[in-house]
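**Q** need the 3D shape of this:
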Amino acid sequence: MLFTFIGFAAGALTTLAFLPQVLHTYRSKSVEGLSYTTLITFSVGVLLWFIYGVYLHSWPMILANGLTLVLQLPLLLMKVRYGRRGQA
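**A** Below is the predicted model of the structure:
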C-alpha cells in the first residue's frame, strides 16, 4: 500500500512538471527552446513506459505515463504549428 502511494505521488509530480511548459508555450506561442528530437524521444519513451505499465497492470505507471503523453502531445503539436511562424 505504501509503495503504491509512492508510485502515485511520483507519477503525479513528474507528470505535473510538464504543465508549466505546456501553459508557457501556449501563452507565449514560442517554441524556440523545444527540440523535436527531445519531444519525440521522450514521447516514445513515455509511450513504452505506458505499455509496460499496462503489461504489469500497474495503475501508477499507467496513469502517470498516460497523462504525461496527454501533456506531451500539445507540446509537439505547438512545436509544429508555432515553429512554422519563424520560417518564412
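**Q** use CA for all of it now, contacts and neighbours both
**A** Will do.
**Q** what's the helix or strand for residue 27?
**A** helix 19-28 (DSSP states H and E).
**Q** which parts of whichever strand or helix holds residue 41 are buried?
**A** Residue 41 belongs to helix 36-56 when elements are defined using DSSP H and E. Buried residues in helix 36-56, counted by 16 or more other C-alpha atoms under 10 Å: 39, 43, 46-47, 49-51, 53.
**Q** picking up where we left off before, off-centre distance for the helix holding residue 27?
**A** Centre-to-centre, helix 19-28 and its host chain are 13 Å apart (C-alpha atoms, centre = their mean, to the nearest Å).
**Q** export that helix to CSV, keeping only CA atoms.
**A** In CSV, the C-alpha atoms belonging to helix 19-28 read as follows (Å, rounded to 0.1, in the frame of the first residue of the first chain):
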residue,chain,number,x,y,z
LEU,A,19,2.1,21.5,-17.1
PRO,A,20,4.0,24.8,-16.7
GLN,A,21,5.8,24.2,-20.0
VAL,A,22,2.6,23.5,-21.8
LEU,A,23,1.0,26.6,-20.4
HIS,A,24,4.0,28.8,-21.1
THR,A,25,4.3,27.6,-24.7
TYR,A,26,0.6,28.1,-25.3
ARG,A,27,0.7,31.6,-23.9
SER,A,28,3.9,32.8,-25.4
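**Q** mean confidence score for it?
**A** Confidence over helix 19-28 (mean pLDDT, whole number) is 91.
**Q** identify the residues contacting that helix?
**A** Defining contact as C-alpha atoms under 8 Å, 6 or more residues apart in numbering, one finds that helix 19-28 is touched by 31, 71-72, 74-75, 78.
**Q** quick check: the gap between the residue nearest to residue 11 when sequence neighbours are not counted and residue 45.
**A** In this structure, residue 11 finds its nearest non-sequential neighbour in residue 64, 4.6 Å apart by C-alpha to C-alpha, 6 or more residues apart in numbering. Remark: distance between residue 64 and residue 45 (C-alpha to C-alpha, to the nearest Å) = 13 Å.
**Q** how about residues contacting the lowest-mean-pLDDT helix or strand in the chain?
**A** Least confident helix or strand of the chain, by mean pLDDT, DSSP states H and E, is helix 2-16 with a mean of 89. Residues outside helix 2-16 that contact it (C-alpha under 8 Å, 6+ apart) are 60-61, 63-65, 67-68.
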